[in-house]
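>>> Below is the sequence, then the predicted model.
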Amino acid sequence: MHILDDRRGALHTYITNVKFILIALVVSANMLEPVISRSDTAFTLYKAIYLFHIPAFVLVMGYMARESQPADGSRFSFRAIAVIGYQYVLFQSLYTLADAFFFHASGIVHSFFMPYSLLWFLCSHLCWKLLLPLFMKLRHPLTASVLLGIAVGYIPWDGSWLSISRTFVFFPFFIAGYRMRRWGNWQSAANHWRAAAIGCGAVIITALGLGLSLNQGWLYGSETLSQLGHHAWYSGIYRLGIYALEAAALTCFLLCVPWRSSILTAWGKRTLFVFLLHGFIIKAAIAAGLFDSLDGKLWHVPLLLSAALALTLCLSHPLVERYAKGWIEPAFNPMKQLVSKVSVHPNGRK
């Protein structure tokens with residue numbers, strides 16, 4: 001029993017380390033995006049990050065869905081659903097107002113049915129939570145989710161509405177993360193295969209840098225097959241190939257993440273604040289024209305990556321959690337409050 005608890009504790013520490021590295025990569029990708037049209041190096045790194053960082057984050061969310069499972073053993077947490085819904089409504093409103101008055105980004109649809117920028121993840125996360133109990137009743141939930149991820153590419157409308165395309169495209173990784181405890185001793189595998197993973201990752205990045213033809217729209221997961229320029233009935237097979245490429249890159253990344261508790265673990269506990277707040281700062285910098293002077297010189301890439309790391313560390317500071325946690329993660333239980341309101345006393349009065 002103690003061995004099992006130790007293994008679970010090690011896995012939890014490892015996942016927390018993964019979270020911090022991933023959120024640093026999220027900020028890095030968003031920091032690089034304004035200059036990818038002017039820098040081949042930035043574009044290569046951008047595609048390399050996008051190849052695995054969304055699937056990896058979805059996998060982590062799937063793992064945490066099991067960790068936060070209600071005490072009664074059910075797979076449905078009303079509080080988790082309510083908090084995610086609250087965060088989506090709150091930040092969709094805040095980002096929309098900020099865009100309308102300050103950012104003025106092009107191509108933005110101001111609607112609660114069209115998630116603003118990175119907020120698609122909240123919308124999809126809410127859907128993954130709702131879909132999970134249904135899929136876990138299936139005999140092969142992972143296979144079913146992969147087939148659905150391929151099928152959603154054939155819908156005849158914009159896949160960005162309600163983040164429907166990304167929800168189903170990335171859902172297989174959520175299922176995989178939820179079943180993560182069944183994967184055996186990953187720590188031993190990481191120690192044994194880390195060198196190979198580094199080499200494989202280097203090959204993938206080199207291939208991207210040498211011009212591997214890969215439309216980043218496939219990596220975003222937000223576009224349908226027709227939007228990606230594929231109209232043939234068999235085009236869904238391309239999504240299966242992207243799944244294989246993403247799984248390979250994701251595996252390489254996971255094998256390279258350290259398992260020991262460190263400062264990464266402490267920072268990894270506050271990734272939510274980085275995720276929800278960093279967009280305001282980067283979009284404000286874009287609106288202020290701070291990226292306009294970066295013309296794609298080689299030294300601009302490490303400058304942007306350093307700025308991304310500094311921003312990640314600042315927003316991971318305990319002071320941010322202290323002042324932001326109360327309104328970003330409110331402590332309420334909607335089901336408990338509902339039950340208390342409708343509870344009936346023994347004398348028959350409410």
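Structure's in. What do you need? Just so you know, these numbers come straight off a predicted model, no measurement behind them.

>>> what about Leu294, helix or strand, and which?
Using DSSP states H and E, Leu294 sits within no helix or strand.

>>> Give me the nearest residue to it, chain neighbours excluded.
His300 (4.7 Å; CB to CB, 6 or more residues apart in numbering). Backbone N, C-alpha and C define where each C-beta goes, glycine included.

>>> Ser226 now?
Using CB to CB, 6+ apart, the nearest residue to Ser226 is Pro156, at 7.6 Å.

>>> can you count the residues close to that neighbour?
6 (other CB atoms under 10 Å).

>>> Would you mind measuring from it to Gly149?
With distances taken as CB to CB, to the nearest Å, Pro156 is found 17 Å from Gly149.

>>> And the helices in the stretch 101-250 of the chain?
Applying DSSP state H, counting those that start in this stretch to the stretch 101-250 of the chain gives helices spanning 120-135, 141-151, 164-169, 171-178, 186-209, 216-220, 236-256.

>>> What about the nearest residue to Tyr50 once chain neighbours are set aside, how many residues nearby?
Residue nearest to Tyr50 in three dimensions, not counting chain neighbours: Leu219, with 4.2 Å by CB to CB, 6+ apart. The number of residues packed near Leu219 is 21, by other CB under 10 Å.

>>> Could I get the contacting residues of the residue nearest to Leu294?
Contact analysis of His300 by CB atoms under 8 Å, 6 or more residues apart in numbering lists Val35, Ser39, Ala42, Leu294.

>>> what's the answer for Asn215, then?
Residues in contact with Asn215 (CB under 8 Å, 6+ apart) are Leu228, Gly229.

>>> For stretch 226-240, which outside residues touch it?
Identification of contacts with stretch 226-240 by CB under 8 Å, 6+ apart yields 146, 149-151, 153-154, 156, 158-159, 169, 215, 217-218, 225.

>>> neighbour-wise, which of these leads?
Highest neighbour count within those, by other CB under 10 Å: Val169, with 31 neighbours.

>>> So it sits against Ala151, correct?
No - Val169 lies out of contact with Ala151 (CB atoms under 8 Å); the separation is 10.3 Å.

>>> For the stretch 151-300 of the chain, give me the ranges with low pLDDT.
Within the stretch 151-300 of the chain, the ranges that satisfy pLDDT under 70 run 181-186, 209-212.

>>> ok, now which ones touch the residue nearest to Tyr50?
Here Leu219 is in contact with Lys47, Tyr50, Leu51, Ile54, Ile242, Glu246 (criterion: CB under 8 Å, 6+ apart).

>>> Repeat that for Ala196.
Neighbours of Ala196 in contact, by CB under 8 Å, 6+ apart: Leu255.

>>> measure the residue nearest to Ser160 when sequence neighbours are not counted to Arg66 for me?
Distances taken as CB to CB, 6+ apart place Ser222 nearest to Ser160, at 5.1 Å, with adjacent residues excluded. Distance, Ser222 to Arg66, by CB to CB: 27 Å.

>>> quick one, which of those two is more surrounded?
Ser222 (18 against 14).
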